[in-house]
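*Asks:* Sequence below, structure please.
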Amino acid sequence: MTSDDPQVMSIKHMAFAVRDAQQALDSYVRFLGVVPTGVQEYPKSRNRVALFELGGVEYQLCQSMDQGGRFDTWINERGHEGLHHICYEVRDLDQVLAHALAGGASLRICQACGVYGKHPHPEGFIAFLDNDTGGIELEFMQVYTSQELQTYQQVQGI
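*Replies:* So this is what the prediction gives:
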């Protein structure tokens with residue numbers, strides 16, 4: 001172990017694999033009265049994601065836009081929709097990854113980017129572990145500072 005403090009601060013989001021993001025969101029609105037924060041399409045990863053917050057946690061209802069996409073494959077392998085991954089917000093992604101790797105974890109490829117380990121995404125630096133924890137994938141995110149976000153937006157043109 002490199003540290004006893006892996007610097008995990010909170011749950012950033014929970015992502016659910018669903019067949020129809022809008023339909024799943026409508027159910028949360030009807031049953032829980034949540035207020036949707038949007039439905040976004042990501043052309044690079046070919047996903048449609050419906051969003052809402054509850055208890056300070058962002059919920060992502062993720063639908064593959066193509067048969068055989070990331071979430072479609074996940075659903076077909078298990079035979080049902082469900083909790084796909086939990087993203088933990090961390091203070092220092094390098095330290096968190098060192099801690100996890102020292103504990104026997106390995107890195108999973110980011111299917112949208114084709115990258116293993118720490119890399120930039122729209123909201124921050126992310127990495128995935130290739131170790132399920134009870135069938136749930138783990139993602140870590142070090143949210144950008146305002147300066148890092150400006151740099152990312154200039155480079156990515158978003």
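
*Asks:* who touches Val34 in this structure?
*Replies:* Going by CB atoms under 8 Å, 6 or more residues apart in numbering, Val34 touches Tyr28, Phe52, Glu53, Leu54, Tyr59. Heads up, the C-betas are built off the backbone N, CA and C, glycines and all.

*Asks:* Please state the backbone phi and psi of Gln153?
*Replies:* The phi/psi pair for Gln153 (degrees, to the nearest 10) reads phi -60, psi -40.

*Asks:* quick one: it and Lys44, what's the gap?
*Replies:* Per CB to CB, to the nearest Å, Gln153 is found 15 Å from Lys44.

*Asks:* So Phe31: helix, strand or coil?
*Replies:* For Phe31, the assignment made with DSSP: H, G, I helix; E, B strand; the rest coil gives helix.

*Asks:* How about Ala24?
*Replies:* The three-state label given to Ala24 by three-state DSSP is helix.

*Asks:* between Gln153 and Lys44, who's got more neighbours?
*Replies:* The neighbour count for Gln153 versus Lys44, taken as other CB atoms under 10 Å, is higher for Gln153 (12 against 7).

*Asks:* still on that earlier bit, just the buried ones among the contacts of Val34, please.
*Replies:* With burial judged by 16 or more other CB atoms under 10 Å, the buried subset of these is Tyr28, Phe52, Tyr59.
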